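Chemist: Could you work out the structure for the sequence below:
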Amino acid sequence: MKQLILLSLLVLSSLVYGQSKKVFKDQTMNYSELAKMLNPPKWDTLVFERILFKADLGSRNWNDSVYGDFIVSNPIKAGKIKRLEFSECTFLSSVFFDGKFEGDVSFQKCKGEELIFQNTSIRESWIWESTFTRILIEDSKLRDLHVRAENTQTILFKTELDSGVIEIATNQIHIG
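Modeler: Residues are numbered from 1 along each chain as shown. Reported below is the predicted structural model:
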């Protein structure tokens, strides 16, 4: 009887504390709305399908000692979310994730300007069949990175590569 009660409690707790997922489709969204969803995250997984992202966080000059000046959106402080999925999304300006992002991220068939990750820990990253002018991952930790992006320059700078899979197919690759 004790085993049955224990098993019931385990099943119930997994249902109550299981992963939560929120899906957004076919709409326009501002970067500040995305930032609010990440800090603190209400869901374990956020999925964005066919979203047009508009920059409303302002912009700033970002000077990189190796690659020069960038004009980027102010960074989105990435919360401790388990998974971010972007599918067929368009970013009207650079998208800049900064901070304690420690989950998985995927960009499938997305397009935009710079895609930047700084000071992040990414378990698994898929940037697949996407077009960005530049993908920059700086001062970050990666385990698995899969990039297949047409007409895109990929830059890994001061990035720690953990034992995992690194697969990059882009126009230019810079590792520093």
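Chemist: Doesn't Ser32 belong to a helix?
Modeler: Yes - using DSSP: H, G, I helix; E, B strand; the rest coil, the assignment for Ser32 is a helix.
Chemist: ok, now which ones touch Lys42?
Modeler: Ser20, Lys22 (Cβ atoms under 8 Å, 6 or more residues apart in numbering). Yep, even glycine has a C-beta here, placed from its N, CA and C like the rest.
Chemist: Tell me where this structure has helices.
Modeler: Assigned helices in the chain, in chain order: 2-16, 31-38 (criterion: DSSP state H).
Chemist: which of those has the lowest average pLDDT?
Modeler: Between the helices of the chain, the one with the least mean pLDDT is helix 2-16; it has a mean of 38.
Chemist: what's in contact with stretch 165-172?
Modeler: If you take Cβ under 8 Å, 6+ apart as the criterion, stretch 165-172 is touched by 135, 142, 144-154.
Chemist: Could you point out the longest strand of the protein?
Modeler: strand 121-138 (DSSP state E).
Chemist: What pairs with that strand, parallel or antiparallel?
Modeler: strand 104-108 (parallel), strand 111-118 (parallel), strand 141-149 (parallel), strand 153-157 (parallel) (DSSP bridges).
Chemist: winner for burial among the ones you listed?
Modeler: Here the criterion is mean neighbour count by mean count of other Cβ atoms under 10 Å, and of these the winner is strand 111-118, at a mean of 22.
Chemist: CA atoms only: put it into PDB for me.
Modeler: Extracted as PDB, the C-alpha positions of strand 111-118 are listed here (Å, rounded to 0.1, in the frame of the first residue of the first chain):
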ATOM      1  CA  LYS A 111      16.000  36.000 -40.900                       C
ATOM      2  CA  GLY A 112      17.300  39.200 -39.500                       C
ATOM      3  CA  GLU A 113      20.300  41.400 -38.800                       C
ATOM      4  CA  GLU A 114      22.800  40.400 -36.200                       C
ATOM      5  CA  LEU A 115      22.000  37.600 -33.800                       C
ATOM      6  CA  ILE A 116      24.200  38.100 -30.700                       C
ATOM      7  CA  PHE A 117      24.700  36.000 -27.600                       C
ATOM      8  CA  GLN A 118      26.900  37.400 -24.900                       C
END
